[in-house]
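Peer 1: Mind looking at a prediction? Sequence and model below.
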Amino acid sequence: MALHATYLGANGWLLEFGALRVLVDPWLTGPLEFPPGPWFFRGKLPQERPAPLPVDLLVLTQGLPDHCHPASLALLPPTTPVVGSPAAVARARALGFTQLTALAHGESHCHEQLRLTASQGAPVPQPENGYLFDHPGGRLYLEPHGFLDPSLPEQPLDAVITPVVDLGVPLVGAFVKGQQVLPQLVERFKPLTVLVSTTGGDVRFEGALNRLLWLWGSLQAAAAMLPEGCRLIDSRAGERYRLEQRQPAAAVAHAGGASSGTAAS
């Protein structure tokens, strides 16, 4: 059973665990703006993309517009099952989605053979979600801001999806900590592959906030941190990557969609 990951730019991914198609944090069409308006922060895609239908599951890490983008989510059928942080599920409900599961940190949800476990993610300002994906077709960890929940146990994974640079603003500090967390991720999960996320896709940004941003780290510095045998992929938007797998993961018991999270219809 093959494991594939297609980068959609910014925070967006299509993950394929065999035939199961999971869409994460898509920004596919239209501008990205943060309050109080475009003068403060505005992003524009180099090219718009159609929704990669069919989508079996939509996973949202945060409720902010760059992870829960209204125009992009409107491209999906409202009956698409959604799993997300409480803030993201609230946003999805307001956009008309009807099959919703909110996961607090440490809670899990099963969808077919996929077990999705939420971990504590970036505080923006309330802590949002990272996720462990566990499926017979592959196991990976994803957190878009480079935050690692210290309670996650050591375990070997096939892949980690993370930024590899730090981004921040003066006085506030880093809100993306990819450069800082990469050594911890590698030590904790011993991944076969690290896929670069969050800062790619040739997106153009403008506005007052963008002029204040600073960046620390580089792809070359990240590559130097990885042990022999760990592959670093400089993810390109639109590219579909087949990921190396360890010995086949144990099948996840089918729980009929059971969840320790909060479901809403």
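Peer 2: Great, that's in hand.
Peer 1: Paired strands for the helix or strand where residue 167 lies, with orientation please.
Peer 2: In this structure, residue 167 sits in strand 166-169 according to DSSP states H and E. Note on strand 166-169: by DSSP bridges, its sheet partners are strand 173-177 (antiparallel), strand 214-216 (antiparallel).
Peer 1: How far does the shortest one sit from its chain's centre?
Peer 2: From the chain centre to the centre of strand 214-216 is a distance of 21 Å (Cα atoms, centre = their mean, to the nearest Å).
Peer 1: continuing past that strand, what's the next helix or strand?
Peer 2: Downstream of strand 214-216, the next assigned helix or strand under DSSP H and E is helix 219-225.
Peer 1: pLDDT on that following helix, on average?
Peer 2: Mean pLDDT, computed over helix 219-225, is 95.
Peer 1: other SSEs contacting that helix?
Peer 2: Identification of packing neighbours for helix 219-225 by 3 or more Cβ pairs under 8 Å, 6 or more residues apart in numbering; DSSP states H and E yields helix 178-189, strand 193-196, strand 231-233. Quick note: C-beta positions are derived from backbone N, CA and C, even for glycine.
Peer 1: In it, which residues are buried?
Peer 2: For helix 219-225, burial by neighbour count (16 or more other Cβ atoms under 10 Å) applies to 222, 225.
Peer 1: so how far is it off the chain centroid?
Peer 2: Taking Cα atoms, centre = their mean, one finds helix 219-225 lying 21 Å from the centre of the chain it belongs to.
Peer 1: the helices in the stretch 1-150 of the chain, which residues?
Peer 2: Here the stretch 1-150 of the chain has its helices, by DSSP state H, counting those that start in this stretch, at 70-73, 86-94.
Peer 1: what helices or strands is the last one leaning on?
Peer 2: Looking back up the chat, that one is helix 86-94. Using 3+ Cβ pairs under 8 Å, 6+ apart: helix 86-94 touches strand 57-60, strand 82-84, strand 100-102, strand 127-135, strand 262-264.
Peer 1: Quick check: mean pLDDT of the third one?
Peer 2: Taken as a whole, strand 100-102 has an average pLDDT of 98.
Peer 1: Give the pairing partners of it; include direction for each.
Peer 2: Here strand 100-102 has these sheet partners by DSSP bridges: strand 82-84 (parallel), strand 262-264 (antiparallel).
Peer 1: could the helices and strands packed on helix 219-225 go into CSV alongside mean neighbour count, mean pLDDT and distance to residue 123?
Peer 2: Shown next, in CSV, are the helices and strands packed on helix 219-225 (neighbours: other Cβ atoms under 10 Å; pLDDT from 0 to 100; distance: least, Cβ to Cβ, whole Å):
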stretch, mean neighbour count, mean pLDDT, distance to residue 123
helix 178-189, 19, 96, 14
strand 193-196, 22, 98, 22
strand 231-233, 17, 97, 27
